[in-house]
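Engineer: Here is a sequence with its predicted model. Questions after.
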Amino acid sequence: MDPHLLRTFVAVARCGSFSKAARELGYTQSAVSQHIAALESDLGAVLLQRRPVSPTGVGIRLLEHAGPLLLRLDAARADISRLTAAPAARIVIGVSPLSMKSQLTGALAEMRQRQPLLEVTVRVVGREAITREVATTAMDLGLVDGMAAPNDPLHLLDVGPLTAMAITEQPLAVALPAQHPLVGRASLCLGDLADARWIDAPDTAIPLAQLRAASGTDGYRASTRYEGTDVRGLLALTAAGHGLALLPQPTIDGIPGINAVPISTPRLIHRTEIVHSNAVNGPPALLATALMAAAE
């Protein structure tokens, strides 16, 4: 399967138009049509309805494969580039909203002493975006967080040869508004909250899909969706009674109008990991070493 044809198919399916995909890719509309026809001939199946343009059932299944396949190809190209490129005078660091730790600021200060002219960019983005962008060299290094059993690694996207190592582990707690009837409890069983009102904040709090998987229930339905990376904004919604959120306890403690009640069952923790290429060198390697040293 030709990856160029596959990229064209993904673009047409996303744009819902041959002409829009052609403009995006820099091809003629005729070339895009030829790409789709060649891919359909190769696979022996119709992938797109033409009027209106939308993926067929077979096309939908191919899209499920296309994203990971193309990402792995991009990651492979980026990994080879790392091995042949000279160390850069700049570094791009990705952090998920709950992974902005004091270790990072301390490690950056140490790097500034060694390389005062180093240009540093820190980008706060969602968890999955960090793994993808580290794999494709859009970022040199990432700090990503999530929920895990004690001493277990995070389940990151499989995008190629990356190194992930823990920096911190913290207890998880449910953020409750001050008037909530469960405020004052010493701890809570996560399963007892399956029917509560929750805020779906996949890039900030622990995603609700993970809560369902951990408890083995169909509960934890969202009453509000929060599409942002501002943790205090999320907690303001919780304080106003728009839903609960599961977060590392130190993030909740001290926030007005919010109470943190730890989760006792199942045994889960909030884990932060540093993620980088196996071929990391130069400033990113120095920063990774400093972060690991700060975590010890």
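Structural biologist: On my side now, so go ahead.

Engineer: Tell me how many other residues surround T168.
Structural biologist: 19 (other C-beta atoms under 10 Å). (Each C-beta comes from the backbone N, C-alpha and C, glycine too.)

Engineer: what pairs with it across the strands?
Structural biologist: Beta-bridge pairing for T168 (DSSP bridges): T272.

Engineer: My guess is it contacts I274. True?
Structural biologist: No. T168 is beyond contact range of I274, at 10.2 Å (criterion: C-beta atoms under 8 Å).

Engineer: Tell me how many other residues surround the nearest residue to Q115 once chain neighbours are set aside.
Structural biologist: Spatial nearest neighbour of Q115, chain neighbours left out: P283 (6.4 Å); criterion: C-beta to C-beta, 6 or more residues apart in numbering. Using other C-beta under 10 Å, P283 is surrounded by 21 other residues.

Engineer: Check the gap between P283 and A175 for me.
Structural biologist: 37 Å (C-beta to C-beta, to the nearest Å).

Engineer: same question, G16
Structural biologist: 39 Å.

Engineer: So between these two, which is more surrounded?
Structural biologist: A direct count of neighbours by other C-beta under 10 Å for G16 and A175 places A175 higher, at 26 against 13.

Engineer: Helix, strand, or coil at the more buried one?
Structural biologist: strand (DSSP: H, G, I helix; E, B strand; the rest coil).

Engineer: surely it meets L247?
Structural biologist: Yes. Between A175 and L247 there is a contact at 5.7 Å, judged by C-beta under 8 Å.

Engineer: what is in contact with these two at once?
Structural biologist: 205, 235, 260 (C-beta atoms under 8 Å, 6 or more residues apart in numbering).

Engineer: Now for the last one, how many residues are close by?
Structural biologist: What it means is A260. 20.
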